[in-house]
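Trainee: Sequence and predicted structure below; questions after.
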Amino acid sequence: TNKITHPMTSRERTAELDILVWGASGFTGRLACAYLSRDASKFFSFHLSELSASSKKQVRWGVAGRNRSKLEAILRDCGAPKDTPIIVVDDANDEASILKMVGKTRVIASCAGPFVKYSDKVVEACASSGCHYVDICGESVWVRSCVDRFQDRARRSGACIVNFCGYDSIPSDLGCFFAVQTLRNKLRDPDAPVRSVKCHQVMFSGGGNGFSGGTLQTGLVDIQMNPKLKLTAGVDPDSPFLLGGEPVGGVRSMDLFQTEANFSDRLGWEGPFPMERINAVATRRSAAHLSYGPNFNYQEVGICPSQKAAQKAASQVTNPIPPEKIAAMIDQGRLPKSGQGPPPEHRSKSMFLSLLIAEADSEERETVCVAVRGGEAGYEETAKMVVESALALVLQPSECPGYKSGGGFQSTAMCMGNVLIQRLNTAGIQFYIVDNPQIEL
């Protein structure tokens, strides 16, 4: 029977697999499998063969999805061991088979978006059964809905449920965490209140629009209107504090999402960054739980090469492309279909940089600047980030603060913190202190 009266806690669970990749046949899912099997031929923006394997211990991993022959082809293609387990789940809403699937692994790494559609029951099953869960979603309204529905179960079972483990929002969330620690180290005060962290995002692109079909499909699921999403009464889906962290006096003007182009003496033209609405919400949750300071404010902007580019970024945020136009462009072949993504020649020239400036909440207003830097952000580094997030929970759970505190829904900074920063550094995503931010550009 599926009725679990006494759920196993995550500490008592034994499972045949360490990591199960759910949604392995999508564009990022295939890259996650290639990363797990150390197939360097699939990555063009970094040299996987030159990076020391992040784990000396053999990790037992498998794949799960809806189509066996697709999954078999993916495993063949990335040179995975012949006996790599394949779990077929015909329907992402079939609770019994989803429960059975999560029972086979210690961690689910979900690359199956739109998450509201394909990962909702998976999160519920993980929360109920004590299986840890990491994903690459950027669907903050869905995450809030999951927290409201499943947080109590996850706390009971000890499952760590960590969303936003890709480019949304690791450079922002862990970068901010790293900036706060760096400032506190400089001040020699581990509890020094921080007034603000401003994240400046730079995408060096190799041409093209750089989106995969799955990402575009997620944009087409009108998440605010989705009847499955039961938000607690009174919750504003557009709140800058959707996942918590609102200051005592309420929302301030500096907390609102960016909508304009601005010129800054320090780094030139900046405009709204398209992922700010996800990243700021994720990072402010960490700020509240990890006590960055009572007046703390997080902002995120995109660095632009010119005033014109900054103004264009602003108009894209204030007047986004309507979903029906995106759908038409996919049909016409002008944008990728599900499972397709940016080609190797674009990815090889792509990289990202996140520059974060932290300022102390003191009369002196001391500042530090840190950077997070890596290769092609949307897919290659996202696959690396989500796998390393899973590996942190598999190989170093007792060092992960969120595991030690009993699980539940958490951010990467809350759950893995420095463990994940170190893993990513080893894996080639650099976190470092910067003396002069201009030089980094």
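Mentor: Noted; the coordinates are in hand.
Trainee: What's the first helix or strand after the least confident helix or strand in the chain by mean pLDDT?
Mentor: Least confident helix or strand of the chain, by mean pLDDT, DSSP states H and E, is helix 213-220 with a mean of 55. Using DSSP states H and E, the helix or strand that follows helix 213-220 in sequence is strand 262-264.
Trainee: Direction included, what does that next one pair up with?
Mentor: strand 268-272 (antiparallel) (DSSP bridges).
Trainee: Just checking the distance from the partner strand to the centre of its chain.
Mentor: 23 Å (Cα atoms, centre = their mean, to the nearest Å).
Trainee: Contacts for it, please.
Mentor: Residues from elsewhere that reach strand 268-272 (Cβ atoms under 8 Å, 6 or more residues apart in numbering): 200, 257-264, 301-307, 309-314, 316-317, 441. The C-beta positions use only the backbone N, C-alpha and C, and glycine is treated the same way.
Trainee: try stretch 137-154
Mentor: 7, 110, 113-116, 119-120, 123-124, 126-128, 159-161, 163-164, 166, 168-169, 218, 223-224, 229-232, 235, 237, 242-243, 275, 277-278, 281-282, 407-409.
Trainee: List buried members of these by neighbour count.
Mentor: Neighbour counting with 16 or more other Cβ atoms under 10 Å marks 7, 110, 113-116, 119-120, 123-124, 126-128, 159-161, 163-164, 166, 168-169, 218, 223, 229, 231, 242-243, 275, 277-278, 281-282, 407-409 as buried within these.
Trainee: Now do the helices in the stretch 1-150 of the chain.
Mentor: 27-36, 68-77, 95-102, 115-118, 120-129, 140-157 (DSSP state H, counting those that start in this stretch).
Trainee: Go through those helices and name the closest to Ser348.
Mentor: helix 27-36 (14.1 Å; Cβ to Cβ).
Trainee: and the closest one, what does it pack onto?
Mentor: On a contact count with 3 or more Cβ pairs under 8 Å, 6 or more residues apart in numbering; DSSP states H and E, helix 27-36 meets strand 17-22, strand 61-65, helix 68-77, helix 213-220, helix 382-395.
Trainee: Give me the residues contacting the helix or strand that the last one is followed by.
Mentor: Which is helix 382-395. Toward the C-terminal end, the helix or strand that comes next after helix 382-395 (DSSP H and E) is helix 401-404. Applying Cβ under 8 Å, 6+ apart, the set of residues contacting helix 401-404 from outside is 10, 132, 158, 160, 162, 393, 397-398, 408, 410, 414-417.
Trainee: With distance to Ala40 and pLDDT added, can I get the residues you listed in JSON lines?
Mentor: Formatted as JSON lines, the contacts of helix 401-404 follow (distance: Cβ to Cβ, whole Å; pLDDT from 0 to 100):
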{"residue": "Ser10", "distance to Ala40": "33", "pLDDT": "66"}
{"residue": "His132", "distance to Ala40": "27", "pLDDT": "98"}
{"residue": "Gly158", "distance to Ala40": "36", "pLDDT": "97"}
{"residue": "Cys160", "distance to Ala40": "30", "pLDDT": "98"}
{"residue": "Val162", "distance to Ala40": "27", "pLDDT": "98"}
{"residue": "Leu393", "distance to Ala40": "25", "pLDDT": "97"}
{"residue": "Pro397", "distance to Ala40": "28", "pLDDT": "96"}
{"residue": "Ser398", "distance to Ala40": "31", "pLDDT": "95"}
{"residue": "Gly408", "distance to Ala40": "36", "pLDDT": "98"}
{"residue": "Gln410", "distance to Ala40": "32", "pLDDT": "98"}
{"residue": "Met414", "distance to Ala40": "32", "pLDDT": "98"}
{"residue": "Cys415", "distance to Ala40": "29", "pLDDT": "98"}
{"residue": "Met416", "distance to Ala40": "25", "pLDDT": "98"}
{"residue": "Gly417", "distance to Ala40": "29", "pLDDT": "98"}
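Trainee: got CSV for those, with distance to Glu324 too?
Mentor: As requested, these are exported to CSV (distance: Cβ to Cβ, whole Å):
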residue, distance to Glu324
Ser10, 43
His132, 38
Gly158, 44
Cys160, 38
Val162, 34
Leu393, 40
Pro397, 45
Ser398, 50
Gly408, 38
Gln410, 36
Met414, 38
Cys415, 38
Met416, 39
Gly417, 42
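Trainee: With adjacent residues omitted, what lies nearest to Ile86?
Mentor: Leu71 (4.9 Å; Cβ to Cβ, 6 or more residues apart in numbering).
Trainee: Hmm, Val197 and Ala179 touching each other?
Mentor: Yes. With contact defined as Cβ atoms under 8 Å, Ala179 reaches Val197; the gap is 5.2 Å.
Trainee: Quickly list what's touching both of those two.
Mentor: Leu356, Ile357, Ala358.
Trainee: Check the secondary structure at the last one for me.
Mentor: Following DSSP: H, G, I helix; E, B strand; the rest coil, the label given to Ala358 is strand.
Trainee: can you count the residues close to it?
Mentor: When neighbours are defined as other Cβ atoms under 10 Å, Ala358 has 28 of them.
Trainee: measure it to Glu95 for me?
Mentor: 44 Å (Cβ to Cβ, to the nearest Å).
Trainee: who are the neighbours in contact with Val107?
Mentor: Going by Cβ under 8 Å, 6+ apart, Val107 touches Asp18, Ile19, Leu20, Cys131, His132, Tyr133, Val134, Ala390, Leu393, Val394.
Trainee: Try it again at 6 Å.
Mentor: Counting by Cβ atoms under 6 Å, 6 or more residues apart in numbering, Val107 makes contact with Ile19, His132, Ala390, Leu393, Val394.
Trainee: now swap in Cys78 and tell me
Mentor: Listed by Cβ under 6 Å, 6+ apart, the contact set of Cys78 reads Cys33, Ala34, Ser37, Asp39.
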